[in-house]
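Student: Here's my sequence, what's the structure:
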Amino acid sequence: MNILFVSPVAFDALQQRHQALATGLAAEGHTIGYLEPPVSGGFSCRVMQRNERLHTIQTHIPFRATAWPSLQKIASRLVFGLLYRTGLVYPSRMALWIADPAFAAFADLPWLCRFYDRCDRHGVFPGQNVLPWKRYEQALYNVCNVVFASTPILCDEARQGGACKVVLLPNAAHKSWIDTPATRSKPSTPPIRLVSAGAHFEWIDFDWLRLFADDSRCELHIAGPGRGSAFAALAAHRNVKTHGSMRHESLRDLLDECHVGLAPFCRSLLTEAVDPVKVYEYAARRLAVWAVDLPNLRTHCNVDRVITCREDLDHALEEFAWPVSGRHSKIPTWNDRIETIQTIIGDISDQ
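Tutor: As a prediction, this is how the structure comes out:
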């Protein structure tokens, strides 16, 4: 099947759900056109062949206007016009996979079938207005054959919006992260090396991370970009080592040098609906996984311990022993998620 894959992230950005699913579908024999987020300014289209069945598409358009649905619909038409004129897209012979709801207008076209991948609560990111995003998502619920969602709460919301078929498709780890032996050894403790990976933006609980930084038994590593005064203060702490944005392989090497992976989210409408990829990747590299007390993390299959206060941290550090015993015997991989998608595609093709 030929699939136009409308992604909210560039292919070469931090590897996450979208790149993993696109690559996995291509490996299963589908031809994937991975449309990266359009860049404002200019009017052009560039294609890069990644492998035999996967190519990425970069477009430049005069503007994006996600906060104004009527203008964003025009922006969507401009992008589609570029794709159509360059021969990249023929809706009647292709499927649409859309993970950026701002381009919901694409779904109005006569595709073979339409899939919406809902892995976040859109509209509640910092600076967003929820109303336009509700409008985009409702348009997708109305026409998509299947809505995939990464958490039960996102599934429930899609069903409440009237989606005809909703399938739970959680995140996962790459199979190579489970199979590849560690190339670096962990130091003997103390100190215990803890790592917080990912974007350290407004949805991160920096006070929680400070608990670890202030403890002499810990050495805290921050992997990924950050912003804001709270991040700057944490990065300047004498017991914190920052690594900035990292390639996926370099992140894996850093995890192999650490003992504990941290999931440090603030409680918010955004974070209560997330299924963090980092939690799967920590577990895949055999780290202990400690998290803040959010319902979706408290019951997560790969979270070993919830830390709520200094007393919890004292208990965790006193009881910590390496190697961690009883690690998860079955860590879900992206291959598992692709199997689910393949089954759905097969059912639709048989209809």
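Student: Show the low-confidence segments of the chain, by residue range.
Tutor: Residues of the chain meeting the criterion pLDDT under 70: 189, 323-329, 351.
Student: could you pull out the helices for it?
Tutor: Along the chain, the stretches classed as helices by DSSP state H are 17-27, 69-85, 130-143, 152-160, 175-179, 206-213, 229-235, 248-256, 277-284, 295-298, 310-319, 334-350.
Student: Distance-wise, check Glu249 relative to Pro187.
Tutor: As for Glu249, its distance to Pro187 is 21 Å (criterion: Cβ to Cβ, to the nearest Å). C-beta: built from backbone N, CA, C; applies to glycine.
Student: returning to that earlier point: and the helices of the chain: which comes nearest His221?
Tutor: When the helices of the chain are ranked by proximity to His221, the top entry is helix 248-256, at 6.6 Å, counting by Cβ to Cβ.
Student: Show me what that closest one is in contact with.
Tutor: By Cβ atoms under 8 Å, 6 or more residues apart in numbering, the list of residues contacting helix 248-256 from outside reads 14-15, 177, 180, 182-186, 195, 197, 221, 223, 243, 246, 261, 281-282, 285, 287.
Student: Mind giving me the ChimeraX command for buried ones among these?
Tutor: Here is the ChimeraX command that selects the buried residues among those (16 or more other Cβ atoms under 10 Å):
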select :14,15,177,186,195,197,221,223,246,261,281,282,285,287
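Student: what would the helices of the chain look like in a markdown table with distance to Thr59?
Tutor: Converted to a markdown table, these look like this (distance: least, Cβ to Cβ, whole Å):
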| stretch | distance to Thr59 |
| --- | --- |
| helix 17-27 | 16 |
| helix 69-85 | 5 |
| helix 130-143 | 19 |
| helix 152-160 | 28 |
| helix 175-179 | 31 |
| helix 206-213 | 36 |
| helix 229-235 | 32 |
| helix 248-256 | 25 |
| helix 277-284 | 26 |
| helix 295-298 | 35 |
| helix 310-319 | 47 |
| helix 334-350 | 25 |
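Student: Can you tell me which of these is most buried?
Tutor: Taking mean count of other Cβ atoms under 10 Å as the contact definition, the stretch among the helices of the chain with the greatest mean neighbour count is helix 277-284, which reaches a mean of 26.
Student: Tell me which other helices or strands that helix touches.
Tutor: Where contact means 3 or more Cβ pairs under 8 Å, 6 or more residues apart in numbering; DSSP states H and E, helix 277-284 is packed against helix 175-179, strand 192-197, helix 248-256, strand 260-263, strand 288-291.
Student: still on that earlier bit, which one of the helices of the chain lies nearest to Ile98?
Tutor: Of all the helices of the chain, it is helix 130-143 that lies closest to Ile98, at 6.7 Å by Cβ to Cβ.
Student: angle of the closest one against helix 69-85?
Tutor: Here helix 130-143 runs at 50 degrees with respect to helix 69-85, directions being taken by axes from the mean of the first three to the mean of the last three Cα atoms, to 10 degrees.
Student: Against which helices or strands is helix 130-143 packed?
Tutor: For helix 130-143, the contact count by 3+ Cβ pairs under 8 Å, 6+ apart identifies helix 69-85, strand 113-118 as packing neighbours.
Student: Tabulate these (a markdown table), appending distance to Glu272.
Tutor: A markdown table is the format used below for the helices and strands packed on helix 130-143 (distance: least, Cβ to Cβ, whole Å):
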| stretch | distance to Glu272 |
| --- | --- |
| helix 69-85 | 26 |
| strand 113-118 | 15 |
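Student: From Gln128, how far off is the nearest residue to Thr333 once chain neighbours are set aside?
Tutor: Nearest non-adjacent residue to Thr333, counting by Cβ to Cβ, 6 or more residues apart in numbering: Lys175, 4.4 Å away. As judged by Cβ to Cβ, Lys175 and Gln128 stand 34 Å apart.
Student: and if you look at Leu71?
Tutor: 16 Å.
Student: ok, now Cys45?
Tutor: Where Gln128 is concerned, Cys45 sits at a distance of 27 Å (Cβ to Cβ).
Student: what about the residue nearest to Ala283 when sequence neighbours are not counted, how many neighbours?
Tutor: Sequence neighbours aside, Asn302 is the residue nearest to Ala283 in space, at 4.1 Å (criterion: Cβ to Cβ, 6+ apart). A count of nearby residues for Asn302, using other Cβ atoms under 10 Å, gives 23.
Student: repeat for the one 4 residues further on
Tutor: The local packing count at Val306 equals 17, with neighbours defined by other Cβ under 10 Å.
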